[in-house]
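>>> Please find the sequence and the predicted model below.
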Amino acid sequence: MISMKYFLVAIAILVGIVLIVVVIGALLPEKHTATAEASFRQPQSMVWQAITDYTKFPEWRGTVSRVQPLSPVNGNPSWVEYDSHNSAIPYEIIESVPPQRLVTHIADPKLPFGGTWTFEITPTSAGSTLRITENGEVHNVIFRFMSRFVFGHRSTIDTYLKALGKKFGETTELKD
């Protein structure tokens, strides 16, 4: 009888935790903005080449296992990125001002998240600085909770900038 009591208590605690996550997630704003930047000893043109040649992303971005090019959208490139679990996220470029500004958009409104990434490359005396701003939205309340309190809104940007630094053979220092 005692083991059944502990089992029911454990179930009640688990249900309570899920309920708390759902309520907090529902109270969080659906939209967020996250920004980070890093400087590289590369000219603006080299950084531009790296961030726009999506077919080579699997070579330097550890989170991308393969890329499938899609037909252009409004004359701009579009593609699907696959991760190691074969999950797919379609992207399209919605603004391109070489070699200084690029805006990409997650092109599937059915995903539990979406938004844009704005890449701004500024030349410096030692190379260039890449600033990425995510204007994201997380529709699912559980994902919203996880994104805010577990992963952090900036985690994907940080991973991207570190991977880019590694591609260039540089140590990446991230800044807000």
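Structure's in. What do you need?

>>> contacts and neighbour counts: CA atoms only from here.
Noted.

>>> Could you grab the helix/strand/coil label for the residue nearest the centre of the chain?
The centroid of the chain falls nearest to residue 156 when counting by CA atoms, centre = their mean (3.8 Å). Assigned with DSSP: H, G, I helix; E, B strand; the rest coil, residue 156 falls in the helix class.

>>> how far away is it from residue 6?
From residue 156 across to residue 6, the span is 40 Å (CA to CA, to the nearest Å).

>>> For this protein, which residues score under the pLDDT cut-off?
Where the chain drops to pLDDT under 70, the residues are 1.

>>> what are the ranges of the strands in it?
All strands of the chain, identified by DSSP state E, fall at 31-40, 66-73, 76-82, 88-97, 101-106, 113-124, 127-138, 174-175.

>>> just so I know, which of the ones you listed lies nearest residue 167?
Of all the strands of the chain, it is strand 31-40 that lies closest to residue 167, at 10.7 Å by CA to CA.

>>> Could you list the buried residues of that closest one?
34-40 (16 or more other CA atoms under 10 Å).

>>> Adding distance to residue 25, write those out as TSV.
Shown next, in TSV, are the buried residues of strand 31-40 (distance: CA to CA, whole Å):
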residue	distance to residue 25
34	18
35	21
36	24
37	28
38	30
39	34
40	37
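
>>> Show me which of those is closest to residue 135.
Closest approach between the buried residues of strand 31-40 and residue 135, by CA to CA: residue 34, at 6.8 Å.

>>> thinking that closest one is in contact with residue 155, fair?
No: taking contacts as CA atoms under 8 Å, residue 34 lies outside contact range of residue 155: 9.3 Å.

>>> ok so, going back, with respect to residue 50, which of the buried residues of strand 31-40 is nearest?
Looking across the buried residues of strand 31-40 and measuring by CA to CA, the closest to residue 50 is residue 40, at 12.1 Å.

>>> got the contact list for residue 136?
31-34, 113-116 (CA atoms under 8 Å, 6 or more residues apart in numbering).
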